[in-house]
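Chemist: Could you look at this predicted model? Sequence included:
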Amino acid sequence: MTGLIERGDHVVTLLPTYQQHYSIPESIGAKVSPCWLKEELGWQPDLDELRRLATPGTKVICINNPNNPTGALMDETMLKEIVDIARACGAYLLCDEAYRGLNHEGDPFSPAVADLYEKGISTGTMSKPFSLAGLRIGWVATPKEIIEMLAHMRDYHVISVGMIDDYLAAVALENKEKILARSLSICRENLAVLDAFVAHEPHIHYTKPKAGTVTLLHYDLPMTSNELCRRLQEDTGVMLLPGSCFDMEKCLRIGFANNREDLIRGLGIFSQWLAAL
């Protein structure tokens with residue numbers, strides 16, 4: 001983003017999302033227009049609102065698919081609609097695809113924006129679907145002029161990655177079918193555990209995620225998300241992320257792709273804590 005955006009540029013960002021999608025443009029001096037995903041639409045964007053915000057001259061439209069924190073998934077039809085909007089205003093379309101490969105049903109892989117649009121920018125990582133966050137390695141698929149700009153900027157930032165990290169990432173990619181099958185199995189089995197918890201917990205509801213390892217839980221208690229998470233952690237040791245981190249109240253982000261027994265135990269403790277309030 002620091003190489004693509006300049007002071008005074010206009011950026012449209014779908015929210016909720018990674019903070020970098022709006023904070024970095026704001027820090028550069030760009031005007032950022034938020035376009036909030038709608039839960040009543042299954043955490044999909046309102047395309048009419050996006051068309052209104054993406055005015056001629058918009059520099060970048062930022063999206064995240066599959067979405068963090070909701071676990072929502074935009075299908076190919078939706079992505080092509082967004083591509084048409086980006087093309088109409090001449091914007092680049094930046095898609096953070098960190099959870100690509102973890103669709104819970106059907107084809108595990110969503111279409112990459114870089115394959116759908118001549119000004120599409122797709123970013124991926126070893127961190128999420130491969131469970132190799134410690135390597136700190138990712139990639140970008142984008143037009144040649146953006147690759148050249150990124151290569152130039154890289155000389156000023158990281159120069160190169162560690163040789164061991166690079167080697168381990170290559171080994172993982174060579175075995176991606178086995179690794180991704182394992183990751184997807186964990187997601188599906190653990191989501192069934194979470195779904196059963198939500199179905200039987202009177203204070204919690206959610207829109208079931210379609211991809212990735214995280215989702216939002218809504219609650220009906222008279223306290224802020226920050227207070228709830230703080231008290232829960234202090235009382236029980238169970239930690240959830242407050243929705244306030246995403247500028248959303250009355251909800252919590254939960255990651256459900258950890259050890260299954262830990263998930264079952266943690267949700268049980270959470271349920272007991274809620275019942276005692």
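Modeler: In hand now; what should we look at?

Chemist: all contacts plus neighbour counts: C-alpha atoms, from now on.
Modeler: OK.

Chemist: what does the average pLDDT come to for stretch 193-209?
Modeler: The average pLDDT within stretch 193-209 is 98.

Chemist: Which residue ranges of this structure form helices?
Modeler: 20-28, 47-53, 76-89, 113-116, 144-157, 163-174, 176-200, 225-236, 260-276 (DSSP state H).

Chemist: of all these, which lies closest to N64?
Modeler: With CA to CA as the criterion, N64 lies closest to helix 20-28 of the helices of the chain, at 9.0 Å.

Chemist: Tell me which residues of that closest one come out buried.
Modeler: Neighbour-count burial for helix 20-28 flags 21-22, 25-26 (criterion: 16 or more other CA atoms under 10 Å).

Chemist: burial measure for I5, as a count.
Modeler: I5 has 18 neighbours, counted by other CA atoms under 10 Å.

Chemist: Just give the nearest non-adjacent residue to it, would you?
Modeler: Of all residues not flanking I5 in the chain, P25 sits nearest, at 6.8 Å (CA to CA, 6 or more residues apart in numbering).

Chemist: which ones are touching the one you found?
Modeler: Residues in contact with P25 (CA atoms under 8 Å, 6 or more residues apart in numbering) are 1-2, 5, 11, 31-32.

Chemist: which stretches of the stretch 151-277 of the chain have low pLDDT?
Modeler: For the stretch 151-277 of the chain, no stretch is flagged by pLDDT under 70.

Chemist: Geometric centre of the protein: which residue is closest?
Modeler: N68 (2.7 Å; CA atoms, centre = their mean).

Chemist: doesn't T215 make contact with that residue?
Modeler: Yes - here N68 reaches T215: they are 7.3 Å apart, a contact under CA atoms under 8 Å.

Chemist: Please name the nearest non-neighbouring residue to the residue nearest to the centre of the chain.
Modeler: Closest to N68 by CA to CA, 6+ apart is T17, at 5.7 Å.

Chemist: Phi, psi for that neighbour please.
Modeler: phi -160, psi -170 (degrees, to the nearest 10).

Chemist: Okay, it and D96: tell me how far apart.
Modeler: 9 Å (CA to CA, to the nearest Å).

Chemist: Repeat that for S244.
Modeler: In terms of CA to CA, S244 sits 21 Å off from D96.

Chemist: quick one, which of these two is more surrounded?
Modeler: D96 (25 against 15).

Chemist: Model confidence for the closest residue to T215 other than its chain neighbours, exactly?
Modeler: The shortest distance from T215 to any non-neighbouring residue, by CA to CA, 6+ apart, is to T70 (4.4 Å). The per-residue pLDDT reported for T70 equals 98.

Chemist: give me every residue that touches T70.
Modeler: 16, 43, 209, 214-216, 253.

Chemist: for the residues you listed, which one is nearest G237?
Modeler: Looking across these and measuring by CA to CA, the closest to G237 is R253, at 16.0 Å.

Chemist: Not including adjacent chain positions, what is the nearest residue to that closest one?
Modeler: Here the residue nearest R253, using CA to CA, 6+ apart, is L216, at 4.6 Å.

Chemist: Quick check: the one you found touching C251?
Modeler: Yes - with contact defined as CA under 8 Å, L216 reaches C251; the gap is 6.2 Å.

Chemist: Now the common contact residues for those two.
Modeler: With CA under 8 Å, 6+ apart as the test, L216 and C251 both reach G243.

Chemist: dump the residue contacts of H21.
Modeler: 13, 62.
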